[in-house]
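S.K.: no sequence on hand, only this structure:
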């Protein structure tokens, strides 16, 4: 059974930092894309960041470029999201996702991911 488990969320003041982790179990995703999405109350889920199988290609939502960094450790089957200079508008539940095929070198839509975590809450106070 494949599981993606996010951790690292919490409450932080504006300007602060958090590091999210997503540990996968049940299969390895070292050859496939992984990504982060978020959903704020009353809003649709939105893309945040994507990383290719090797980590050599990354994509970011425009509003997080320069503040967020996605990375992965294939030996640990884990993907990370370092979030700096957090803003109140970053408040959301953050979800990790993994693809079951492909290398992730082109930008994927949410529908192209096969596995999702349960989410971790990030709250940024002003």
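M.R.: On my side now, so go ahead. From a predicted model like this one, the values you see are computed outputs, not experimental measurements. Numbering: from 1, shown residues only.
S.K.: any idea which residue sits dead centre in the protein?
M.R.: residue 36 (2.2 Å; C-alpha atoms, centre = their mean).
S.K.: could you double-check that that one sits in contact with residue 98?
M.R.: No. If you go by C-beta atoms under 8 Å, residue 36 and residue 98 don't touch, sitting 10.8 Å apart. Using the backbone N, CA and C atoms, a C-beta is placed for each residue, glycine as well.
S.K.: which residues are in contact with each of the two?
M.R.: Counting by C-beta atoms under 8 Å, 6 or more residues apart in numbering, the contacts common to residue 36 and residue 98 are residue 79.
S.K.: quick revisit: residues contacting the residue nearest to the centre of the chain?
M.R.: Contacts of residue 36 by C-beta under 8 Å, 6+ apart are 20, 22, 48, 49, 50, 70, 79, 81, 94, 95, 96, 97.
S.K.: enumerate every residue touching the second one.
M.R.: It stands for residue 22. The contact partners of residue 22, by C-beta under 8 Å, 6+ apart, come to 4, 5, 6, 7, 34, 36, 78, 79, 80, 81, 96, 117.
S.K.: does the residue nearest to the last one when sequence neighbours are not counted count as helix, strand or coil?
M.R.: Ranked by C-beta to C-beta, 6 or more residues apart in numbering and with sequence neighbours excluded, the top spatial neighbour of residue 117 is residue 4, at 3.7 Å. Look at residue 4: counting by DSSP: H, G, I helix; E, B strand; the rest coil, its state is strand.
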